[in-house]
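Asks: Provide a 3D model corresponding to the input given below.
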Amino acid sequence: MKRTVDEITGSRRLRRLRKFSWSRRLVRETRLHVADLVWTLFLCEGENQRRPIASMPGVSCLSVDIAVEECLKAAELGIVAIAPFAREPLSRKSDDGAYIAAADNLTNRFTRALKQHKVDIGIITDAALDPYTTHGHDGICRNGIIVNDESVEMVVRGALAQAEAGADIIAPSDMMDGRIGAIRDCLDIHGFQDVAIMSYAAKFASAFYGPYREAIGTSDLLRGDKSSYYVDHANSNDALREVEQDLNEGADMLMVKPGLLYLDIIRRIKDNFSAPLFAYQVSGEYAMLQAASANGWLDGERAMMETLLAFKRAGCDGIFTYYAIEAAKKLRAASEASA
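Replies: Next comes the predicted model:
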């Protein structure tokens, strides 16, 4: 005898609360807020410069003056932090990446310029050598090998220069062993106890960094790959060991990179550790969505918001994204419409 739907479900109709827009909002489990967004931007030399990045439609390298102007607008939208990445001229690159420690490199000039405005927005700087090396690696290369301890020494010098320039959070992305503890010790010794460290603790050897490398000018420089120091993308337990070690060394916050392909890693870290957790929606993920949207294969705006919400649902406290400005505007418009 054929059963009725009520007999099958026991009168539990899960669609009841999906019927209306207001009821869906009432029981929504995960929400995205503008304060969840960290705007990732690129810096270049010159004045009044906006140099489009071909593989990242909608994103440009900005000169320091323009970047400061855009960050002031971002603060007005409610964005609470920005993460600058520099495209340094080839003439300033070296085998050891020593220009990371220069007080007048692009990142430090930008930080000082923005801090002069005393705007309520945090600056998260990347302490890694790849924008400054002639070979495009995150560490110092000796005879084809990325040497750990020398690289850490240089990263620490860069982190100190960034703190001196006014960075609020130092975010080392190099994946060298011991760099978190070394940076913490250096910052404390020099009076920067209040500067936090966000560790790129679970940064994977991924195919999705290509557009970023174009943006910072390392795609044609990189010799070999970064598999000897980034986490193998097949490994999950390895990522958790990295997280545990970095927390023990003094990391205040954690990063998973890339983001969308590693939502399982985000969830595992959140379930096992209590530190604030962020994901980086990397250049390749952004480029895919932009390309599909441009070809009419996806509704770009909906896809943007859905992916950002996925990070929150997986357990992120915040998201580094090139979509931050666009998403913030959409969130503001939605808030004003419902007011």
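Asks: need the contact list for the closest residue to L90 other than its chain neighbours.
Replies: Leaving aside its chain neighbours, L90 sits nearest to G217 (7.3 Å; criterion: Cβ to Cβ, 6 or more residues apart in numbering). Where C-beta positions appear, they are placed from N, C-alpha and C, glycine not excepted. Residues counted as contacts of G217 (Cβ atoms under 8 Å, 6 or more residues apart in numbering) are R87, E88, L90, P131.
Asks: try 10 Å this time
Replies: Applying Cβ atoms under 10 Å, 6 or more residues apart in numbering to G217 gives the contacts F42, C44, C61, A86, R87, E88, P89, L90, K93, D130, P131, G136.
Asks: Likewise for E244?
Replies: The contact partners of E244, taken as Cβ under 10 Å, 6+ apart, are A201, I269, N272, F273.
Asks: Now do the strand or helix carrying it: distance to the chain's middle.
Replies: Using DSSP states H and E, E244 sits within helix 237-249. Relative to its chain's centre, helix 237-249 lies at 18 Å (Cα atoms, centre = their mean, to the nearest Å).
Asks: What of stretch 151-164?
Replies: Its chain's average C-alpha position is 19 Å from that of stretch 151-164, according to Cα atoms, centre = their mean.
Asks: And the average pLDDT for it is what?
Replies: On average, the pLDDT along stretch 151-164 is 98.
Asks: cool, and stretch 34-52?
Replies: Taken as a whole, stretch 34-52 has a mean pLDDT of 97.
Asks: what pLDDT does E7 get?
Replies: On pLDDT, E7 comes in at 67.
Asks: Please enumerate the helices of the stretch 51-200 of the chain.
Replies: Assigned helices in the stretch 51-200 of the chain, in chain order: 64-76, 106-115, 148-165, 179-189 (criterion: DSSP state H, counting those that start in this stretch).
Asks: now these in TSV, with mean neighbour count?
Replies: Formatted as TSV, those follow (neighbours: other Cβ atoms under 10 Å):
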stretch	mean neighbour count
helix 64-76	18
helix 106-115	21
helix 148-165	22
helix 179-189	20
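Asks: any chance of the ones you listed in TSV, plus distance to K226?
Replies: What follows is these, written out as TSV (distance: least, Cβ to Cβ, whole Å):
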stretch	distance to K226
helix 64-76	27
helix 106-115	21
helix 148-165	12
helix 179-189	15
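Asks: returning to what we had before: from A239, how far off is the residue nearest to L90?
Replies: 29 Å (Cβ to Cβ, to the nearest Å).
Asks: Ranking by neighbours, what's the top pick from the contacts of E244?
Replies: When neighbours are counted by other Cβ atoms under 10 Å, A201 leads the contacts of E244 with 29 neighbours.
Asks: Tell me if that residue really is in a helix.
Replies: No - counting by DSSP: H, G, I helix; E, B strand; the rest coil, A201 is not found in a helix; it is strand.
Asks: and it, what pLDDT?
Replies: Here the pLDDT value assigned to A201 is 96.
Asks: Repeat that for A339.
Replies: For A339, the model assigns a pLDDT of 65.
Asks: ok, how many other residues are close to G139?
Replies: Applying other Cβ under 10 Å, we find 29 residues neighbouring G139.
Asks: centre of the chain versus the helix or strand harbouring A337, how much separation?
Replies: Assigning secondary structure by DSSP H and E places A337 in helix 324-338. Averaging C-alpha positions (Cα atoms, centre = their mean) puts helix 324-338 21 Å from its chain's average.
Asks: quick one: the strands in the stretch 201-339 of the chain?
Replies: Using DSSP state E, counting those that start in this stretch, the strands of the stretch 201-339 of the chain run over 253-257, 277-280, 318-321.
Asks: For the second one, the averaged confidence score.
Replies: To tie it back to what came earlier, the one meant is strand 277-280. Mean pLDDT, strand 277-280: 98.
Asks: hang on, the earlier thing: pipe the contacts of G217 into CSV and attach neighbour count and distance to N235 per row.
Replies: CSV is the format used below for these (neighbours: other Cβ atoms under 10 Å; distance: Cβ to Cβ, whole Å):
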residue, neighbour count, distance to N235
F42, 23, 30
C44, 22, 35
C61, 25, 34
A86, 26, 30
R87, 19, 31
E88, 23, 32
P89, 11, 37
L90, 9, 35
K93, 22, 31
D130, 26, 22
P131, 26, 27
G136, 22, 24
